[in-house]
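> here are the coordinates; sequence isn't available:
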């Protein structure tokens with residue numbers, strides 16, 4: 001189960017794919033992706049495969065999934 005830890009930096013306690021616990025500093029997360037029945041976390045220090053679901057991680061970190069099926073931006077339009 002993903003557990004957010006309070007402190008100066010945001011840390012989260014996860015379960016590695018081999019069943020051992022690991023604590024990750026979320027300040028350096030790059031992406032969280034489904035990877036079969038596991039979740040792949042890309043961190044600035046490397047990659048980590050965990051047992052927690054992508055949704056459980058989003059909930060623990062209070063993140064919203066990106067709606068990839070939503071309206072598309074006109075690529076010809078000028079950026080702000």
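Noted; the coordinates are in hand. Please read these numbers as outputs of a predicted model, since none were measured by experiment.

> what helix or strand is the residue sitting nearest the centre point of the chain on?
With the centre of the chain defined as its mean C-alpha position, the nearest residue by C-alpha atoms, centre = their mean is residue 32, 3.3 Å away. Using DSSP states H and E, residue 32 sits in strand 29-35.

> and that strand, average pLDDT?
Model confidence over strand 29-35, given as mean pLDDT, is 90.

> and that strand, what other elements does it pack with?
On a contact count with 3 or more C-beta pairs under 8 Å, 6 or more residues apart in numbering; DSSP states H and E, strand 29-35 meets strand 38-43, helix 54-61. For the C-beta atoms, the positions are set from N, CA and C on the backbone; glycine is no exception.

> most packed of these?
strand 38-43 (a mean of 18; mean count of other C-beta atoms under 10 Å).

> Pairing partners for that strand, with directions?
Strand 38-43 pairs in its sheet with strand 29-35 (antiparallel), strand 46-50 (antiparallel), by DSSP bridges.

> what's the longest one in contact with?
What that stands for is strand 29-35. 39-44, 49, 53-54, 57-58 (C-beta atoms under 8 Å, 6 or more residues apart in numbering).

> Let me know the closest of these to residue 76.
residue 42 (31.0 Å; C-beta to C-beta).

> so who does that closest one touch?
Residue 42 makes contact with 29-33, according to C-beta under 8 Å, 6+ apart.

> Switch those over to TSV; also include distance to residue 75.
Shown next, in TSV, are those (distance: C-beta to C-beta, whole Å):
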residue	distance to residue 75
29	28
30	24
31	22
32	26
33	24
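
> Give me the buried entries from these.
29, 32 (16 or more other C-beta atoms under 10 Å).
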